[in-house]
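Engineer: Need coordinates for the below:
(one chain, ligands or ions: 1)
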Amino acid sequence: MGESLNPLPASFADFRRGAERRLPRFLFDYYDGGAGAEVTLRSNTADWEAVRLGQKVLVDVSNMDCGTELFGEKLAMPLVLAPIGMGGMSARRGEVQAKRAADKAGIPFCLSTVGICTMEELGATGDKPFWFQLYMLKDRGIVQEILERAWAAGVRTLAFTIDLAVLGTRYRDIRNGMAGGLGRWGNFRSGALDYALHPGWAIDVGLKGGPHGFGNLSRYVKQSKNPRDYLHWTGSQFDPSVTWKDIEWLRTVWQGNLVLKGILDVEDAKQAVAIGADGMIVSNHGGRQLDGAASTATMLPRIADAVGSETTLLVDGGIRSGQDLVKALALGAKAALIGRPWVMALAAGGGAALTRMLGLYKQDMRTALGLTGAVNARDVGRGVLLGE
Ligand SMILES: Cc1cc2nc3c(=O)[nH]c(=O)nc-3n(C[C@H](O)[C@H](O)[C@H](O)COP(=O)(O)O)c2cc1C
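Structural biologist: Numbers count the residues shown, from 1 in each chain. This next block holds a predicted model:
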């Protein structure tokens with residue numbers, strides 16, 4: 001538990017500050033940053049902030065319900081922890097801690113293909129299912145095996161990420177020597193000062209928290225002595241040739257729910273419905289891919305108007321509070337995902353801090369439901385927004 005929980009964090013900004021104190025600079029920047037000048041990253045949060053809720057009073061709110069149902073699963077609130085590559089470096093065995101907190105809060109955790117902990121580790125953590133996120137690899141045999149392992153570990157919902165055909169240019173990672181390698185993480189000597197300035201993390205996670213590879217992939221990476229080897233392998237295996245026909249293939253080999261992650265265009269959304277996806281996540285990868293792309297708050301209502309009645313729509317990018325969550329529901333999402341908030345909370349104070357943060361999301365959500373007169377998360381529509 002980081003000492004940074006004093007004073008008690010109340011908002012995303014507080015958890016982020018705690019994470020900044022505890023993490024080595026290169027790792028904080030990796031989690032925090034976005035592509036290019038970070039225009040899309042900033043507009044993701046700013047555009048939720050700009051959405052205005054309409055206050056409505058003297059409604060009986062004594063029986064509010066934040067719960068919902070998603071792909072046959074009951075959720076205590078319409079929130080999912082998004083897949084974060086190397087998310088497990090934020091705290092010791094980070095994804096295991098995050099899954100425990102998600103289980104406790106009654107929401108799903110989604111493990112990244114390039115997470116630190118393995119799907120088998122997560123399968124053995126608690127008795128609730130988790131989601132898995134897939135990046136397409138050139139070796140389809142490995143993909144098929146990964147999907148079989150995920151199914152055996154209890155995964156029933158697969159998020160297939162489709163917005164990484166090319167990697168976004170992330171200036172902070174370039175400056176830190178992270179782009180194309182793992183900079184200070186991969187090279188202990190050049191990171192010695194960064195580690196020395198963050199001894200809590202360096203000892204707890206860096207020294208005691210291993211293994212630090214991409215757990216799900218370790219059996220396929222022959223030379224896996226250090227993190228750099230994993231990046232080289234994934235660099236050579238990520239498949240930029242993926243098109244809709246590969247999703248048809250995926251449909252034939254994955255028997256669970258298939259959710260496409262990274263839809264930001266109305267025509268793409270229609271195609272996703274036509275191809276038989278069970279749902280889609282309106283996402284710009286948290287502003288880490290195409291800088292200058294629209295914010296998700298801008299695109300969600302357009303996509304909802306086009307396909308909202310035919311699919312399960314989710315959204316992520318810049319959701320920083322329970323109020324934002326209600327705004328996302330109002331604009332057409334059934335649930336939202338959060339990426340940076342869970343990593344920052346975990347870095348700031350481990351699983352207990354994440355549990356606290358999820359409690360704050362719920363508290364804020366109840367306030368928003370209660371004072372817009374919506375009462376039930378399932379009933380939230382555009383009516384809760386100002387002037388509609
Ligand atoms: C550090 C970092 C790593 C990420 N790694 C992945 C990943 O491995 N797979 C994936 O589908 N999305 C990944 N994403 C995108 C998130 O799943 C999610 O779309 C995004 O974080 C949502 O925006 P938010 O951080 O503003 O909540 C990553 C995001 C961040 C910040």
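
Engineer: Next one, pLDDT for residue 12 please.
Structural biologist: For residue 12, the pLDDT comes out at 97.

Engineer: which bits of the protein sit near the ligand?
Structural biologist: Contact residues, the chain versus the ligand (CB under 6 Å from any ligand atom): 30-31, 44, 82-85, 112, 114, 133, 161, 261, 283, 285-286, 288, 316-319, 338-340. From N, CA and C alone the C-beta is placed, and that goes for glycine too.

Engineer: In helices only, show me these.
Structural biologist: Residues of the residues of the chain next to the ligand located in helices (DSSP state H): 30, 31, 44, 340.

Engineer: nearest spatial neighbour of the last one, skipping sequence neighbours?
Structural biologist: Ranked by CB to CB, 6 or more residues apart in numbering and with sequence neighbours excluded, the top spatial neighbour of residue 340 is residue 31, at 6.1 Å.

Engineer: Equivalent analysis for the third one, please.
Structural biologist: Distances taken as CB to CB, 6+ apart put residue 318 closest to residue 44, at 3.1 Å, once the chain neighbours are dropped.

Engineer: In contact with residue 296, which residues?
Structural biologist: Going by CB atoms under 8 Å, 6 or more residues apart in numbering, residue 296 touches 44, 47, 264, 282, 283, 284, 315, 316, 317, 318.

Engineer: cutoff 6 Å now
Structural biologist: 282, 315, 317 (CB atoms under 6 Å, 6 or more residues apart in numbering).

Engineer: ditto for residue 220
Structural biologist: Counting by CB under 6 Å, 6+ apart, residue 220 touches residue 142.

Engineer: Give me the neighbour count for the residue nearest to residue 340.
Structural biologist: 23 (other CB atoms under 10 Å).

Engineer: Regarding the protein, what is its longest strand?
Structural biologist: Criterion DSSP state E: the longest strand present in the chain is strand 257-263.

Engineer: Quick check: next helix or strand after that strand?
Structural biologist: Heading C-terminal from strand 257-263, the first helix or strand you meet, by DSSP states H and E, is helix 266-274.

Engineer: how far out from the middle of the chain is that next one?
Structural biologist: With CA atoms, centre = their mean, to the nearest Å as the basis, helix 266-274 stands 22 Å off its chain's centre.

Engineer: what's that helix in contact with?
Structural biologist: So helix 266-274 is in contact with 260, 263, 280, 302, 303, 306, 307, 310, 311, going by CB under 6 Å, 6+ apart.

Engineer: Which strand residues bridge the third one?
Structural biologist: With DSSP bridges applied, residue 280 shows beta-bridge pairing to residue 260, residue 313.

Engineer: so where is the stretch 151-300 of the chain shaky, pLDDT-wise?
Structural biologist: Along the stretch 151-300 of the chain, the model assigns pLDDT under 70 to residues 180-190, 225.

Engineer: Quick one: the strands in it, in order.
Structural biologist: Here the stretch 151-300 of the chain has its strands, by DSSP state E, counting those that start in this stretch, at 157-161, 257-263, 279-282.

Engineer: Can you tell me which of those strands is most buried?
Structural biologist: Among these, strand 279-282 has the highest mean neighbour count (mean count of other CB atoms under 10 Å), at a mean of 27.

Engineer: Show me what that one is packed up against.
Structural biologist: Applying 3 or more CB pairs under 6 Å, 6 or more residues apart in numbering; DSSP states H and E, one finds that strand 279-282 contacts strand 257-263, helix 296-307, strand 312-316.

Engineer: what sits up against that strand?
Structural biologist: 259-261, 263, 272, 296, 299-300, 303, 311-312, 314-315.

Engineer: Check the burial of the closest residue to the ligand within the chain by counting its neighbours.
Structural biologist: Closest approach between the chain and the ligand, counting by CB to the nearest ligand atom: residue 339, at 2.1 Å. Per other CB under 10 Å, the neighbour tally for residue 339 reads 23.
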